[in-house]
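Visitor: quick check, what structure comes out for this input:
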Amino acid sequence: MVNFPAVVNQKGASAGLDLVGRDKITNYTVLPAKAVTKIELLLEKLTKEIDSNERVRDTLDSLSRFHKKRTIDGIDGLEAKLKAGGREYETFDALEKKELFSKLLERYSHYASAQEILACLLARVEYNFQSFVYPQVDGLSIVEINELVDARIIEPTIIDCGVGVLSMDHSVAMGMVYWLAEQCYVRWHK
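Guide: Numbers count the residues shown, from 1 in each chain. Predicted structure coming up:
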């Protein structure tokens, strides 16, 4: 029979890795890679186009669609839309923000990727406004409508285009909404 010592001293022991007296449990958390969005891919492509000065002369149909004004209810233009929606107090800021977006649109309209990005963003603004904001215009206060616009339109735009060559802040993103109102794609009245 073998006599084992009653006390084991592992002082100074070395195993090259962990020295464990019994069971060792190791948990690994593998996070999935973040999916790259269409806009992220287009922003990378845009950076390359700008670096190589690769410009286009034509405008994508999906973007040129938004340049055509359409009148649904006879109320034309941003100022008239704001007044009809009880938002005439926004007129000065709205015109300024619309101009910010107009300048961005003009500055980047010569790059194919920027056209795709802007067409995608404008389509998303139109869709979200028409699907989630406009149906509630009569039932919500102006503040509640603003909160919906912020959550559905402004914040997603900032997340997608807050940094990089086509950087948008809250003013430019809201300018996009006002620009669409000027073109009669967005309205705050029924």
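Visitor: residues contacting the residue positioned nearest the centre of the chain?
Guide: Computing the C-alpha centroid of the chain and ranking residues by C-alpha atoms, centre = their mean puts Thr157 first, at 2.2 Å. The contact partners of Thr157, taken as C-beta atoms under 8 Å, 6 or more residues apart in numbering, are Leu121, Arg124, Val125, Met168, Ala173, Met176. (Glycine included, C-beta is placed from N, CA and C.)
Visitor: the same query, at a cut-off of 7 Å, please.
Guide: Taking C-beta atoms under 7 Å, 6 or more residues apart in numbering as the criterion, Thr157 is in contact with Leu121, Met168, Ala173.
Visitor: and the first one, what element?
Guide: Leu121 is part of helix 112-128 when elements are defined by DSSP states H and E.
Visitor: mind checking what helix or strand follows that helix in sequence?
Guide: According to DSSP H and E, the helix or strand after helix 112-128 is helix 142-149.
Visitor: got the buried residues for that following helix?
Guide: Neighbour counts over helix 142-149 (16 or more other C-beta atoms under 10 Å) mark Ile145, Asn146, Leu148, Val149 as buried.
Visitor: before we move on, back to that, ok, of the contacts of Thr157, which one's closest to Arg87?
Guide: When the contacts of Thr157 are compared for distance to Arg87 (C-beta to C-beta), Ala173 comes out closest, at 17.2 Å.
Visitor: quick one: average pLDDT of the strand or helix carrying the closest one?
Guide: Under the criterion of DSSP H and E, Ala173 resides in helix 170-182. What helix 170-182 shows for mean pLDDT is 97.
Visitor: try stretch 36-49
Guide: Stretch 36-49 shows a mean pLDDT of 92.
Visitor: mind listing what's buried in it?
Guide: So for stretch 36-49, counting by 16+ other C-beta under 10 Å, buried means Ile39, Leu42, Leu43, Lys45, Leu46, Glu49.
Visitor: same for the helix or strand harbouring the third one, what does it pack against?
Guide: Using DSSP H and E, Leu43 sits in helix 38-51. If you count contacts as 3 or more C-beta pairs under 7 Å, 6 or more residues apart in numbering; DSSP states H and E, helix 38-51 packs onto helix 112-128.
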